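Participant: Sequence first, predicted coordinates after that:
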Amino acid sequence: MERDAAILKAGPTRLRPILMTTFAMIFGMLPIALGTGAGSESRAPMAVAVIGGLTTSTLLTLVVVPVVYTLLDDLSHPGQWRLVRWLRGESAAARKLSWWGRPDHPPGGLRVGIPITSRFASPSRF
């Protein structure tokens, strides 16, 4: 399974348990955060901080972690960067048909012995 397909499949799969846990903790802390009884002035700030931390960590888990993983994974495959593909003059349709002109060649970075062409330089320079 490719990386993008795995991320898109894991998102909805993990969404429900993450949200259930977060909402249970938030609703459990609401009476403490909104309490008006004796000693509530010392417990309310802690409950508000816990609710804020849960909200932040949920957003980090659902949005930031997959995005950072995708960016770091892209760094390990420089041949697939949009800028590199654009400089070579590759189109998205050509990439879908085959990789480096050979359908059996797996994606994953620059390969030795394959000429690199550029929009700004003629292939004869390489």
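Facilitator: Yep, it's here.

Participant: Arg14 - that's part of a helix, no?
Facilitator: Yes - assigned with DSSP: H, G, I helix; E, B strand; the rest coil, Arg14 falls within a helix.

Participant: What are the phi and psi values at Arg85?
Facilitator: Backbone dihedrals for Arg85, given as degrees, to the nearest 10, come out at phi -60, psi -40.

Participant: What count of nearby residues applies to it?
Facilitator: Using other CB atoms under 10 Å, Arg85 has 15 other residues around it. C-beta coordinates here come from the backbone N, C-alpha and C atoms, glycine included.

Participant: Same question for Leu71.
Facilitator: 9.

Participant: Can you verify it is assigned to a strand?
Facilitator: No - secondary structure assignment (three-state DSSP) places Leu71 in helix, not in a strand.

Participant: model confidence over the strand or helix carrying Ile32, on average?
Facilitator: According to DSSP states H and E, Ile32 maps onto helix 3-34. The pLDDT scores in helix 3-34 average 91.
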